[in-house]
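# Pasting a predicted model and its sequence here:
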Amino acid sequence: MSDLSKIPCTIITGFLGAGKTTLVRHLLENANGRRLAVLVNEFGDLGFDGSFIEGCGIEGCTQDDIVELPNGCICCTVADDFVPALNILLNRPNPPEHILIETSGLALPKPLVRAFNWPEIRSRVTVDGVVAVVDGPAVASGAFADDPDALEAQRAADTSVDHENPLEEVFEDQLLCADLVILNKTDQMQAADKSKVLAEINEHLPRAVKVIEAAHGKVDPTVLLGMGAAAEADLDARPSHHETEDDHDHDDFESIAIPVDAVATPEVLVARVERAAEAAGVLRIKGFAPVNGKPMRLVVQGVGQRVAHHFDRPWKVNEARDGRMVVIGLKGFDVKAVEAALRAG
């Protein structure tokens with residue numbers, strides 16, 4: 001098969017809470033008749049983000065168009081999870097015209113790009129582009145370093161020090177592999193912070209890569225789809241701190257799911273999430289819950305001390321109105337404190 005006959009795939013990477021799922025939904029909502037399919041991955045065995053896309057009521061997007069991989073980070077489980085999942089989409093009677101792959105917020109993109117050279121799929125698909133979504137306010141606040149000033153001082157004193165913080169390693173590897181960087185949530189940033197983050201992004205980019213600003217993941221689909229990067233044939237231009245999946249140690253992180261009951265108002269759950277996010281080592285909290293007297297499902301997400309909420313869809317007929325919050329944090333984070341905060345009255 002020629003390159004023109006390969007189905008293009010766009011890998012969408014970015015740290016926890018950067019806005020990847022919101023971007024994917026925007027692309028689906030603005031597909032203009034183009035057959036798109038989505039492969040969604042989440043860290044650990046607590047797949048969650050797929051539920052924000054699957055059955056979401058987007059015209060032209062069916063349940064069959066969403067394949068969710070909740071069984072681990074696909075950059076580390078290529079043979080067992082990614083390739084079989086991709087084949088499910090490719091072997092459909094009416095295969096998609098373009099595939100969006102939303103990686104876990106802790107995934108490294110390069111091992112995934114390398115997988116497109118596997119004999120089983122290399123003649124059928126190509127990496128049209130790797131898109132790195134950056135949470136502008138999070139980077140501006142130094143969220144990817146435990147203590148940015150101390151880390152910088154340590155580096156200045158010892159040039160051999162490199163990436164003591166696993167969060168920073170993941171963030172940089174995502175930028176190093178990108179064909180396009182989206183600086184997201186710019187509506188929440190001051191001009192000075194935006195300039196600082198843009199400078200930091202450009203410092204990590206190994207080659208000329210376009211950086212575009214966005215709010216709520218609203219980017220023209222024609223900018224993202226059709227880049228023609230063929231990234232799987234361009235691996236040498238994409239340096240990485242972890243050249244193989246074996247180098248990527250997920251033992252630094254862990255995740256849990258916590259059931260939550262119905263709340264009287266959205267503000268009640270937001271306050272609980274804010275308290276839970278204060279526990280040392282917590283990186284992200286995301287989930288949903290029923291609100292008494294409301295027909296819609298309440299979604300809440302916390303990244304650092306920033307918590308957002310919205311109603312995403314009506315509860316389905318006969319659907320159990322059970323709430324659940326997924327918490328991802330550094331290994332050994334205070335689970336009991338998080339549970340107590342989320343279940344507090």
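Great, that's in hand.
# Touching, Ile12 and Val24? I think so.
Yes: between Ile12 and Val24 there is a contact at 6.4 Å, judged by C-beta atoms under 8 Å. Where C-beta positions appear, they are placed from N, C-alpha and C, glycine not excepted.
# In this structure, where is pLDDT below threshold?
Low-confidence regions of the chain, defined here as pLDDT under 70, cover residues 1-4, 42-63, 70-80, 144-166, 242-251, 345.
# Now do the SS call for the most centrally placed residue in it.
The geometric centre of the chain, computed from its C-alpha atoms, lies nearest to Gly105 (C-alpha atoms, centre = their mean), at 4.1 Å. Counting by DSSP: H, G, I helix; E, B strand; the rest coil, the backbone at Gly105 sits in coil.
# now swap in Arg284 and tell me
Per three-state DSSP, the local secondary structure of Arg284 is strand.
# Can you report how many residues lie near Gly332?
If you count neighbours by other C-beta atoms under 10 Å, Gly332 ends up with 10.
# just to revisit the earlier point, what separation is there between the nearest residue to the residue nearest to the centre of the chain once chain neighbours are set aside and Arg297?
The shortest distance from Gly105 to any residue other than its chain neighbours is 3.5 Å, reached at Leu16 (C-beta to C-beta, 6 or more residues apart in numbering). Note on Leu16: its distance to Arg297, by C-beta to C-beta, to the nearest Å, is 21 Å.
# These two: which has the busier surroundings?
Taking Leu16 and Arg297 together and counting by other C-beta under 10 Å, Leu16 has the greater number of neighbours (24 against 21).
# What are the boundaries of the strands in the stretch 101-250 of the chain?
Taking DSSP state E, counting those that start in this stretch as the criterion, the stretch 101-250 of the chain carries its strands at 125-135, 180-184, 210-213.
# Return the most buried member of those strands.
Scoring the strands of the stretch 101-250 of the chain by mean neighbour count under mean count of other C-beta atoms under 10 Å gives strand 125-135 as the most buried, with a mean of 26.
# quick one, that strand and strand 180-184 angle?
Calculated by axes from the mean of the first three to the mean of the last three C-alpha atoms, to 10 degrees, strand 125-135 forms an angle of 30 degrees with strand 180-184.
# Each with direction, which strands does strand 125-135 pair with?
According to DSSP bridges, strand 125-135 forms sheet pairs with strand 7-14 (parallel), strand 180-184 (parallel).
# so can I have JSON lines of these showing distance to Asp261?
As requested, the strands paired with strand 125-135 are arranged in JSON lines below (distance: least, C-beta to C-beta, whole Å):
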{"stretch": "strand 7-14", "distance to Asp261": "31"}
{"stretch": "strand 180-184", "distance to Asp261": "32"}
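# Asp334: which of those is closest?
With C-beta to C-beta, the closest approach to Asp334 among the strands paired with strand 125-135 belongs to strand 7-14: 26.1 Å.
# how about the helices in the chain?
Counting by DSSP state H, the chain has these helices, from start to end: 20-29, 83-90, 109-115, 136-140, 148-157, 166-176, 191-204, 221-224, 266-277, 335-342.
# which residues does Thr13 bridge with?
With beta bridges defined as DSSP bridges, Thr13 has these partners: Ala132.
# In this structure it contacts Leu176, no?
No: taking C-beta under 8 Å as the contact criterion, Thr13 and Leu176 are not neighbours in contact, 10.7 Å apart.
# In terms of neighbours, single out the busier of the two.
Neighbour comparison, Thr13 and Leu176: the larger count goes to Thr13, with 28 against 22 (by other C-beta under 10 Å).
# Can you tell me how far that one is from Val130?
Taking C-beta to C-beta as the criterion, Thr13 is separated from Val130 by 7 Å.
# Identify the residues contacting the residue nearest to the centre of the chain.
Contacts for Gly105 were tallied using C-beta atoms under 8 Å, 6 or more residues apart in numbering; they are Gly14, Phe15, Leu16, Gly17, Ala18, Lys20, Phe43, Arg284, Ile328.
# And Lys331, by the same measure?
Contacts of Lys331 were listed using C-beta under 8 Å, 6+ apart, and they are Asp251, Asp252, Phe253, Glu254, Gly281.
# Going through the residues you listed, which ones are buried?
For the contacts of Lys331, a burial check counting by 16 or more other C-beta atoms under 10 Å picks out Phe253, Glu254, Gly281.
# From these, pick the one nearest His309.
Nearest to His309 among these: Gly281, at 22.9 Å, using C-beta to C-beta.
# Surely that closest one is in contact with Ile328?
No: checked against C-beta under 8 Å, the pair Gly281 and Ile328 is beyond contact range at 9.9 Å.
# rewinding a little: save the buried ones among the contacts of Lys331 as JSON lines, and put in distance to Ile182 too.
JSON lines is the format used below for the buried ones among the contacts of Lys331 (distance: C-beta to C-beta, whole Å):
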{"residue": "Phe253", "distance to Ile182": "23"}
{"residue": "Glu254", "distance to Ile182": "28"}
{"residue": "Gly281", "distance to Ile182": "27"}
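# All set now, cheers.
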